[in-house]
Structures are given as structure tokens and as C-alpha cells.
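1. Sequence first, predicted coordinates after that:
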Amino acid sequence: MSIGPMASVSRTARIGKNVTIGDFTIVHDNVVLGDDVTIESHCVIGHPTPLAEGKPLVIGAQSLIRSHSVFYEGSTFGPELRTGHRVTVRERLVAGINLQIGTLCDFQGHATIGDYVRTHSNVHIGHLTTIGNYVWIFPYTVFTNDPHPPSDGFHVGVTVEDFAVVATMVCIMPGVRIGTRSLVGAHSLVTKNVEADTVVGGVPAKRLCATSEVKLREAARTPAYPWMRHFHRGYPADVVAAWIEEYGQPAAPGP
Amino acid sequence: MSIGPMASVSRTARIGKNVTIGDFTIVHDNVVLGDDVTIESHCVIGHPTPLAEGKPLVIGAQSLIRSHSVFYEGSTFGPELRTGHRVTVRERLVAGINLQIGTLCDFQGHATIGDYVRTHSNVHIGHLTTIGNYVWIFPYTVFTNDPHPPSDGFHVGVTVEDFAVVATMVCIMPGVRIGTRSLVGAHSLVTKNVEADTVVGGVPAKRLCATSEVKLREAARTPAYPWMRHFHRGYPADVVAAWIEEYGQPAAPGP
Amino acid sequence: MSIGPMASVSRTARIGKNVTIGDFTIVHDNVVLGDDVTIESHCVIGHPTPLAEGKPLVIGAQSLIRSHSVFYEGSTFGPELRTGHRVTVRERLVAGINLQIGTLCDFQGHATIGDYVRTHSNVHIGHLTTIGNYVWIFPYTVFTNDPHPPSDGFHVGVTVEDFAVVATMVCIMPGVRIGTRSLVGAHSLVTKNVEADTVVGGVPAKRLCATSEVKLREAARTPAYPWMRHFHRGYPADVVAAWIEEYGQPAAPGP
């Protein structure tokens, strides 16, 4: 274990083997860190809140939390969490394996995230959001939950199904369902459900085409979606093998 | 008074009774903290600037400033300020009672904010903005001030009147006035004044309907606006009593 | 040299004369700071990464990095860099003289920025972006690079030519070129190249007019663009003299 001389770590926190904690980081009491976890500098880990109802913050093994991040108690992450800098995560979020959270993301808690999800920088996830597995979310995207703000007792979250991709600067309205393997284009306002394997875009977003019509720019031989046809970096070997069996070997990039 | 052993607090700062200051927080000289104020960890309070012209940073009693926030000298907040994490507030902002500032908000100073205003995460408030009382501003909204950037001597701020609601990811152009009890829809670009009791939306924003036409989703018996009809959480008893007298008792949420 | 008693500064960092480093800041090994540089509190300077391939972080003389910022090793800045708070800059960025980076900006590295560029708050610059000289970029603007996310080997960056202005909350699609002296209006999605001296706006952005048709609001005698006609604050005397020779003395603001 390697704890910075200017870190402040609670004696009651349960800390695994081979954990690294940077200077100027505070680890509170109600925290469980798996083996081989790295917490960089200037973080607040396990910030107390009565809304956690006593549940700990659990960070799975082999995770990396970058500097200036704030995690509240009461959320649970599977192994291999990786964050950017200055991430904020509130209580009662449950996330699976190998979640990647970009710099400046603001996860409000009270939400569910599956396995192998990637969110790029500055994504805002409101209460009651449900995100499936292998989902991609690009920068400055906001998941809302209040159909007529401000209100109480009427909130309904966004649902994103497996393998969906939400591009940059998108606002998704309360209760919308983003279908599996769909693509939401950049700078869109999504007010209605998005069907599987469909591209939508605009303000408000409308159906543009089937995802199969989007081609890889330099290799027009192959469709760009589902992206599992050609993008394998960072996924486990058995998952990639299954994708190759379903979609074939990816085409090489063009000349 | 409870000051973290690794905090750095100026001896000339004027600090009230029962104040709590977290580790790794810096409190500069020209600061006035009211009674029962809590400053969490990793903050910079009263950052010096010649633009403050010697005026102190004044934080009213019973305020809570969450971690990693930066407040410059020369701004004044009434009692019961509550912030999220990593808030930035520059000099020459004047705010009333019970302002709530969300995580990541960036208030550029030289602005006026009334009482009981709530801004959600990541709201950007430019110079010369004027916000009334009981206003709501949702995430990723930007208040601009320069009609033909960059320029000097032509800036004109946005004005938001009492009880108005600005939804998520909205950009408001310089000099625009958002009328009382109006609603600006998500992902809009507001280029013209918004009339009272009106819903606008789109890029550029156009009038969509009267606010009275928006119904509470699960209780269509009652209109959703003015929101004071049904949303009372967090306001003082006398204010809520006046709203009930004006609008009647709120309908219970539907089955 | 003035180093805060609670700063952590590597002995192998190469630090110029008259450098100031705030409390709770970490300066790593592979860092070169020019003379008269100020690093405020709570920063991480020279964060190690194998992607830097051993190259140092170089900060030119007379630079100011504000609090809570994170700079990786492997990037180079000319003299007079000025940042806001909580800026993030990754490896392999090369920037010229007098770059100004606003609060909350997220520069992903692997990019090139010219001289006298100003980015306001919360600008996201993706890999492979190329920005010329004297460019202005306003808040919540995102430069993308992946034409069909997620993909590998197909990324292409945005190019912004000299003197161009990109307004607030704009998303620029991969490979787009923003022409010299052009203006991209607020809340736009730019999907195609923008010609020189042209105003575009909308989702998707379309040509609105020539920049010469935009007038200064209170001094309609003079066009607002090119902005070098009337905005000179912060530029060197010889540059301003050349602009006055080309465009004449600026008109005074109207009555």
C-alpha cells in the first residue's frame, strides 16, 4: 500500500492490497476499495450523506480514479472502473465492470449502469437513468428526468439500451428510450423513443436513416454500425471473439 | 469552530460562530463568514483580485460551500447559500437569500441574483446578468453578454424575471429578457425577449404555447405552470402559504 | 522563488527565476517552468503518462496557471500562457505565445494551437485539432474528431484559421475547416467547411451573411468584423499598430 504523506485516510475504511492513494486526497470512513485500486491526488472518496442510508462506497479491484474527483458513499462499482479528472458521483449509483467516466462528468446518483460502458468528458447523468451494456456517450450530453421542471413525484429517467451510441452535445428528454445499436447524432434534442439500429438527429431529433447506411469514411466497403464490426479496443478477448464470429473480421482501414 | 488540520485560514478573515472548514481549503484575508457556515475541503475562499477594489467576500450565515469551489473576494451572498462541488464565482456578484448553485457552475461575477434562486449543474452566468427571485436554471445553460464577440463597450446582459424557468442546454443571447413565469424549453437558442407566462423552444426559440397549456403528466387535472401551484419543497412556510392562498392546495400526484 | 509550505515540488523539475507555486499543488519530475511563472493552489503539473514518450511539460515565462488545473507532461506552451481554474490539458499539445484558456476547459492533447488564441470557459478540444493565430472560441464549444464514433484509424481533426470566431455552445464535426475571419453563431452544429469572412449558424449551420454585414450595435457606422477593426485589448503594440494601418482607427462607441 502506498499512501501519500499528505493524504487523509480513515482508519475504518476497508482498503485492499496494493492500493495507491495520492496526496491531498481524503478517504472517509464508509469506503471499500478493492485490490490494486489507484486513487490520484485531491480526491474526496466516500463523502458522507444521509441519502446513502448507511451503504458504503464500493470501488472494485483494479480501478483508477483520477485527480480532483468526488465520490459519495452509497454507490457501487464493479472492477476496472477508470475515470478522468474532476468527476463527481453522488450516492446510489450501481455500475458494472470496466466503466469509463470522462473528465468533468457529473453523475447525480440514483441510477444504474451496465458493463463496459464508456462516457466521454462532461456527461451529466440525472437521477433514474438506466444505461445498458457496451454503451457509448460522447461529451456534453445530458440525461434529464423532469418532464415539467421543477416538479416532484413525476420524474422519469432515460433508458439507453445495449450498444447504443449517443454523440456530442445531446439533450435527452425524460422517459425517452434509446434503442439498442442506435446512433443519436451530435447536437440533438431527443424528445421521442429511438428505434433499434436507427440514426436520429436534429432539434427535435428525427429519424435520418438506418445505421447500416453509415459507411466507414475510408473503407466504404463496410458499414460503420454496429460498431462492434470494427472497434474492438479495450474489450475482453472472449467478447471480441464473439463479435468476430457474428460480424466477421473487420476490414482494414483504407489506403 | 472546526478547522481541518491541513486547512490554511488567514488570521485576518472574519469568521462567525460554529464555522467548519475542511482540509486543504484556503481562506484568504478579505473574507467574512457568517455563523454556522460550512466550507468543505479543497476550496479557495476570497481569492484576491484588484477587480474587487478592496471589497470583501461575504458569505451569509448557515451557508454550505461544497468541495473544490473557488470564490473570489468582492462578492456578497445572503444567508443559506448552498453550492455543489467545484463551483467558480468571480468578483462583484451580489446574491440574495438561499441561493443554490449546482456543481461545476461558472459565475463570472459583475451580476445580480435575487432570493431563492436555484441553478442546477454547469450553468454559466456572464457579466451583467440580472436574475430575479424564485428563478430556476437547469444544466448546461449559458447567459451571454457580447452581441458581436469579441467587443468592448457594447456588452449587455440577460435579464430573467421572477419565477421563470430555463431548461437544460439553453443559450441566451445578449440583452434578452426572460419574462416572469415563462418556460424556456431544453436545447434552445433564445434570441428575442420571452413574454410572461409563455413557453418557447427551438433554434432559434419560438413561442410554443401559454404555460397554462402544459399539464402535469400524471395529474392532468392541474396545469404544470406556474410551478408554485404544486412545487413547494425548500421554500419558507410563509412563502408557501401565500402560494396556496393564490393557487389553492396542490393536486396529489395521480395513481 | 516562493513555494507554498504545503506544495509538493519535485527536485528534478527545472524551475526558472521568480516562480510562485501555491499550496496543495504537485509539480512532477519532467517539468520546465520559465521565469516569472505563477502556479496557483491545488494543481497537478506534469502528470506522468507513457503517451508523452518522455517529453517534458514546458510552460513559457510569465505564465499564470490558476487553481485546480491539471497539465500532463509532453505538452509545450509559449510565454504568457494564462488559464482559468480547473483546466485540464493532456499530452502532446503545442501552443504558441499568450494563449488564454478559460475555466473548466478540457484540452485532450495531440493538437496544435497558434499565437494569441483565446478560449473562454468550458471549451473541449479533441485530438488532431489545429487552431491558427488570433482565434476566439466561446464557452461550451466542442471540437470533435471521430466521423462515426467509436472508431479507430479514421479520426480527422477540426481546423480553425487565423482570426476566426466560434461563438457559444457550438459543436464542430470532424474534419471541418473554419475559414479565416469567419464567425460561427451561437448554438450551431457545423457539418461543412465555413468560408472566409462568412457568418454561419443553425443546426445544421448554414451561411447567414458576409461578416461585413454585421454592425456594431451602438456604432452602426462601422462593421463588427473583422473584429481587429475595433477590439485591441490585450494584444502587443506592434500588432495593434498593423491592424490600425490596415483598418483605420476604431470608431468610438455611440452615445
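-> Yes, it's here.
2. residues from chain A in reach of chain B?
-> Proximity of chain A to chain B (Cβ under 8 Å from any Cβ of the partner chain) is limited to residues A:6, A:8, A:24, A:26, A:42, A:44, A:47, A:68, A:70, A:86, A:88, A:104, A:106, A:108, A:122, A:124, A:140, A:142, A:144, A:147-154, A:156, A:169, A:171, A:173, A:188-189, A:203. For every residue, glycine as well, the C-beta is placed using N, CA and C.
3. Please list the members of those that lie in strands.
-> In strands, defined here by DSSP state E, the members of the residues of chain A next to chain B are A:8, A:26, A:44, A:47, A:70, A:88, A:106, A:124, A:142, A:171, A:189.
4. Of those, select the buried ones using a PyMOL command.
-> Isolation of the buried members of those (16 or more other Cβ atoms under 10 Å in any protein chain shown) is achieved in PyMOL through the command below:
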select buried, chain A and resi 8+26+44+47+70+88+106+124+142+171+189
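5. Provide a list of residues in contact with A:Val156.
-> Shown in contact with A:Val156 (Cβ atoms under 8 Å, 6 or more residues apart in numbering or on different chains): A:128, A:145, A:147, A:174-175, B:217.
6. One more pass at 6 Å, please.
-> For A:Val156, the contact set (Cβ atoms under 6 Å, 6 or more residues apart in numbering or on different chains) comprises A:174-175.
7. separation between it and B:Gly126?
-> With distances taken as Cβ to Cβ, to the nearest Å, A:Val156 is found 33 Å from B:Gly126.
8. same deal with A:Pro50?
-> For A:Pro50, the distance to B:Gly126 - Cβ to Cβ - is 36 Å.
9. which of those two has more neighbours?
-> B:Gly126 (26 against 9; other Cβ atoms under 10 Å in any protein chain shown).
10. who's in contact with the residue lying closest to the more buried one once chain neighbours are set aside?
-> In space, B:Gly126 comes closest to B:Asn145 once its chain neighbours are excluded; the distance is 4.3 Å by Cβ to Cβ, 6 or more residues apart in numbering or on different chains. Counting by Cβ under 6 Å, 6+ apart, B:Asn145 makes contact with B:126-128, B:155, B:157, B:174.
11. same check, this time on A:Arg181
-> For A:Arg181, the contact set (Cβ under 6 Å, 6+ apart) comprises A:163, A:196-197, A:226.
12. what do you get if the cut-off is 10 Å, keeping everything else the same?
-> Going by Cβ atoms under 10 Å, 6 or more residues apart in numbering or on different chains, A:Arg181 touches A:134, A:161-165, A:195-198, A:211-212, A:225-228.
13. what's the pLDDT at it?
-> In this model, A:Arg181 is scored at 98, pLDDT.
14. and stretch A:210-217, which residues are buried?
-> In stretch A:210-217, counting by 16+ other Cβ under 10 Å, buried: A:210-211, A:214, A:216-217.
15. Show me where chain A has its helices.
-> Ranges of helices in chain A, per DSSP state H, are A:237-247.
16. tell me the domain ranges of it?
-> Taking automatic domain parsing as the reference, chain A has its domains at A:2-210, A:215-255.
17. any idea which of these is most buried?
-> Between the domains of chain A, domain A:2-210 has the highest mean count of neighbours, a mean of 22, where neighbours are mean count of other Cβ atoms under 10 Å in any protein chain shown.
18. who wins for proximity to C:Gln62 among the domains of chain A?
-> Shortest distance between C:Gln62 and the domains of chain A, using Cβ to Cβ, is found for domain A:2-210: 26.0 Å.
19. The closest one: how far from the chain's middle?
-> Mean-position distance between domain A:2-210 and its chain equals 5 Å (Cα atoms, centre = their mean, to the nearest Å).
20. what sits against A:Val44?
-> Counted by Cβ under 10 Å, 6+ apart, A:Val44 has contacts A:8, A:25-28, A:68-72, A:88, B:22-24, B:40-42, B:66-68, B:85.
21. filter the residues you listed down to the ones near chain C?
-> Checking these against chain C by Cβ under 10 Å from any Cβ of the partner chain, the ones in range are A:68, B:23-24, B:41-42, B:68.
22. and the end-to-end length of stretch A:139-157?
-> Stretch A:139-157 has an end-to-end distance of 19 Å (Cα to Cα, to the nearest Å).
23. Export stretch A:52-64 to CSV, keeping only CA atoms.
-> Output of stretch A:52-64 as CSV, limited to C-alpha atoms (Å, rounded to 0.1, in the frame of the first residue of the first chain):
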residue,chain,number,x,y,z
ALA,A,52,-26.8,6.8,1.3
GLU,A,53,-28.7,5.3,4.3
GLY,A,54,-25.5,3.8,5.6
LYS,A,55,-24.4,2.0,2.5
PRO,A,56,-20.7,2.2,1.7
LEU,A,57,-19.0,3.4,-1.4
VAL,A,58,-17.6,0.2,-3.1
ILE,A,59,-14.8,0.5,-5.7
GLY,A,60,-14.0,-2.7,-7.5
ALA,A,61,-10.4,-4.1,-7.9
GLN,A,62,-8.0,-2.7,-10.5
SER,A,63,-9.8,0.7,-10.6
LEU,A,64,-8.2,4.1,-11.3
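24. mean confidence for it?
-> 98.
25. quick one: that stretch near chain C?
-> No. On the criterion Cβ under 10 Å from any Cβ, stretch A:52-64 is out of touch with chain C, staying 12.3 Å away.
26. One more: stretch A:222-236?
-> Yes. Counting by Cβ under 10 Å from any Cβ, chain C has neighbours in stretch A:222-236: A:223-225, A:227-228, A:230-234.
27. Reformat those residues into JSON lines and put pLDDT next to each item.
-> What follows is the residues of stretch A:222-236 next to chain C, written out as JSON lines (pLDDT from 0 to 100):
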{"residue": "A:Pro223", "pLDDT": "89"}
{"residue": "A:Ala224", "pLDDT": "94"}
{"residue": "A:Tyr225", "pLDDT": "95"}
{"residue": "A:Trp227", "pLDDT": "97"}
{"residue": "A:Met228", "pLDDT": "96"}
{"residue": "A:His230", "pLDDT": "93"}
{"residue": "A:Phe231", "pLDDT": "95"}
{"residue": "A:His232", "pLDDT": "96"}
{"residue": "A:Arg233", "pLDDT": "95"}
{"residue": "A:Gly234", "pLDDT": "95"}
